[in-house]
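Undergrad: here are the coordinates; sequence isn't available:
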Ligand SMILES: *Cc1c(COP(=O)(O)O)cnc(C)c1O
């Protein structure tokens, strides 16, 4: 049984137990009242792999990848690996016909180990080292996105055959949504500003360097953006810059990469970027901007990360204890926390939590789910409704944790990082094993 099957029976209640916009597409509830993903009960995963554990719905990830390709048939969809990357995820990406963004030597190695065609890999980073650039050139990555003047110097000394590159520019677009993270403004570390001719000077240098093949411009205006309008604005500004390069150098750039940052809902009522509306806005902007500049329509590239990976993931925690403090707050302590989910402390992120091992029927309390780490700010969800009878041993599932959790996890308090377990069609398999104390000690040279 999946969410779609159980929704009719839940219509009579005030609100469904699990919001289908937030939980994986294959989420369901079995006859015992236990939450399932990919037809596997989360309690079974907790028993088999222990907790905390990251659960990843393969069908959810692949379905979203397909929907992106269907919504943007003319564009190349390049998955931002920094949101979540394992060799299996890299393989899903390749099998679904997407490209892959990487921004470090190990992300590149993971992509290659997952069988991704190097020609479909895009290398990012605002501080790429000479070694990383050499390695990327040696394996034949399809695109290098140049982010600083020093990179041009390094690349000039490294390239022996034509290497396609893009320039990352900052179009100076400020994302107004309060939840969004802004990277497209001028006063930050990424890219070359369109203002003050910084990007134009970089283009001139690259075009004058043998074997650096400037194919287009790139921008990434921020993260967690739900309004498609800023992307349309970015298209206008970048087409303008591409037309200027044509005028000055007589070179026609053919690729326009407008980055990712497509927003997803983490809690009920959150706005999400509608992929259809996004496609329409971008298409319209391309048509008008290219007509205004009499510019040949470039190949469009988009780089969604969390929009593909976030909702595929659910994190499982075992309740260690419940405490009510004088003043009335109830704290539910679990066996993970800021080491496996740093986004709450880092961005003030909000999450959706549910009891996974049984159907809660009785009254509820407002509680705060806290982690096990030695920081007062180590919270997972602040002031949420949980069953009043929640107790040690219960299993909690936190939704929308596929992106920037496994990839940003730390070993704070020397707590080993959780395993990544994929589920699909009633079966589970471990993609990444749990980090052990032996793993942690193995780096310590005494
Ligand atoms: C982080 C990043 C992305 C993906 O961002 P999401 O918010 O996960 O979609 C895409 N492109 C670049 C260059 C990035 O830095």
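TA: Yes, it's here. Quick caveat, the model's predicted, so the values are computed rather than measured.
Undergrad: does the one helix or strand residue 286 maps to come close to the ligand?
TA: In the assignment (DSSP states H and E), residue 286 maps to helix 275-293. No - counting by CB under 6 Å from any ligand atom, the ligand has no neighbours in helix 275-293; the shortest distance is 11.7 Å. Backbone N, C-alpha and C define where each C-beta goes, glycine included.
Undergrad: quick one: low-confidence ranges for the protein?
TA: Confidence mapping of the chain against pLDDT under 70 gives the ranges 1-16, 176-184, 186.
Undergrad: check the offset of the longest helix along it from the chain's centre.
TA: What stands out as the longest helix in the chain, according to DSSP state H, is helix 229-249. Per CA atoms, centre = their mean, to the nearest Å, the displacement of helix 229-249 from the mean C-alpha position of its chain is 26 Å.
Undergrad: that helix packs against which elements?
TA: Based on contacts counted as 3 or more CB pairs under 8 Å, 6 or more residues apart in numbering; DSSP states H and E, the elements that helix 229-249 packs against are helix 198-207, strand 212-218, strand 255-257, helix 275-293.
Undergrad: and with 6 Å instead?
TA: Secondary-structure packing of helix 229-249 (3 or more CB pairs under 6 Å, 6 or more residues apart in numbering; DSSP states H and E): helix 275-293.
Undergrad: how about residues contacting the helix it packs on?
TA: Under the criterion CB atoms under 6 Å, 6 or more residues apart in numbering, residues 71, 72, 228, 231, 232, 235, 236, 239, 243, 297 lie in contact with helix 275-293.
Undergrad: who in the stretch 101-250 of the chain is up against the ligand?
TA: If contact is defined as CB under 6 Å from any ligand atom, the residues of the stretch 101-250 of the chain in contact with the ligand are 101, 124, 220, 223.
Undergrad: of these, which is the most crowded?
TA: Compared across those, residue 101 has the highest neighbour count, 29 neighbours, by other CB atoms under 10 Å.
Undergrad: for that residue, phi and psi?
TA: Residue 101 adopts backbone torsions of phi -90, psi 130, taken as degrees, to the nearest 10.
Undergrad: might you name the residue of the chain sitting closest to the ligand?
TA: residue 305 (2.4 Å; CB to the nearest ligand atom).
Undergrad: who's in contact with that residue?
TA: The neighbourhood of residue 305, defined by CB under 6 Å, 6+ apart, consists of 80, 83, 260.
Undergrad: now those residues in a markdown table, please, with extra columns for secondary structure.
TA: What follows is the contacts of residue 305, written out as a markdown table (DSSP: H, G, I helix; E, B strand; the rest coil):
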| residue | secondary structure |
| --- | --- |
| 80 | strand |
| 83 | helix |
| 260 | coil |
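Undergrad: out of these, who's near the ligand?
TA: Among those, proximity to the ligand is found for 80, 83, 260 (CB under 6 Å from any ligand atom).
Undergrad: now those residues as a markdown table including neighbour count?
TA: As requested, those are exported to a markdown table (neighbours: other CB atoms under 10 Å):
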| residue | neighbour count |
| --- | --- |
| 80 | 28 |
| 83 | 25 |
| 260 | 25 |
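Undergrad: and after the helix or strand harbouring residue 345, which helix or strand comes next?
TA: In the assignment (DSSP H and E), residue 345 maps to helix 343-347. Sequence-wise, the next helix or strand downstream of helix 343-347 (DSSP H and E) is strand 353-355.
Undergrad: for that next one, packing partners?
TA: strand 379-387, strand 395-399.
Undergrad: tell me which of those strands is the most buried.
TA: Burial of the helices and strands packed on strand 353-355 is given as mean neighbour count (mean count of other CB atoms under 10 Å); strand 395-399 ranks first at a mean of 25.
Undergrad: so which elements touch it?
TA: Using 3+ CB pairs under 6 Å, 6+ apart as the contact criterion, the neighbours of strand 395-399 among helices and strands are helix 42-49, strand 313-324, strand 353-355.
Undergrad: and the longest one, how far from the chain's centre?
TA: The chain centre lies 24 Å from the centre of strand 313-324; the measure is CA atoms, centre = their mean.
Undergrad: buried ones in it?
TA: Buried residues in strand 313-324, counting neighbours by 16 or more other CB atoms under 10 Å, are found at 313, 314, 315, 316, 317, 318, 319, 320, 322.
Undergrad: tell me which two of those sit farthest apart.
TA: 313 and 322 (25.5 Å; CB to CB).
Undergrad: do the helix holding residue 345 and the ligand meet?
TA: No - under the criterion of CB under 6 Å from any ligand atom, helix 343-347 makes no contact with the ligand; the nearest approach is 11.4 Å.
Undergrad: dump the residue contacts of the residue lying closest to residue 274 once chain neighbours are set aside.
TA: Distances taken as CB to CB, 6 or more residues apart in numbering put residue 228 closest to residue 274, at 7.3 Å, once the chain neighbours are dropped. Contacts of residue 228 were listed using CB under 6 Å, 6+ apart, and they are 277, 278, 281.
Undergrad: give me that answer again for 10 Å
TA: 262, 273-282, 284-285 (CB atoms under 10 Å, 6 or more residues apart in numbering).
Undergrad: quick one, helices of this structure?
TA: Counting by DSSP H, the chain has helices at residues 3-10, 42-49, 58-71, 87-95, 105-113, 130-139, 149-158, 198-207, 229-249, 275-293, 306-309, 343-347, 437-442.
Undergrad: pull out the buried residues from the longest one.
TA: Along helix 229-249, the positions that meet the burial threshold by neighbour count (16+ other CB under 10 Å) are 230-239, 241-246.
Undergrad: so which of the helices and strands packed on strand 353-355 is nearest residue 46?
TA: Comparing the helices and strands packed on strand 353-355 against residue 46 with CB to CB, the closest turns out to be strand 395-399 (5.3 Å).
Undergrad: tilt between that closest one and strand 313-324?
TA: 130 degrees (axes from the mean of the first three to the mean of the last three CA atoms, to 10 degrees).
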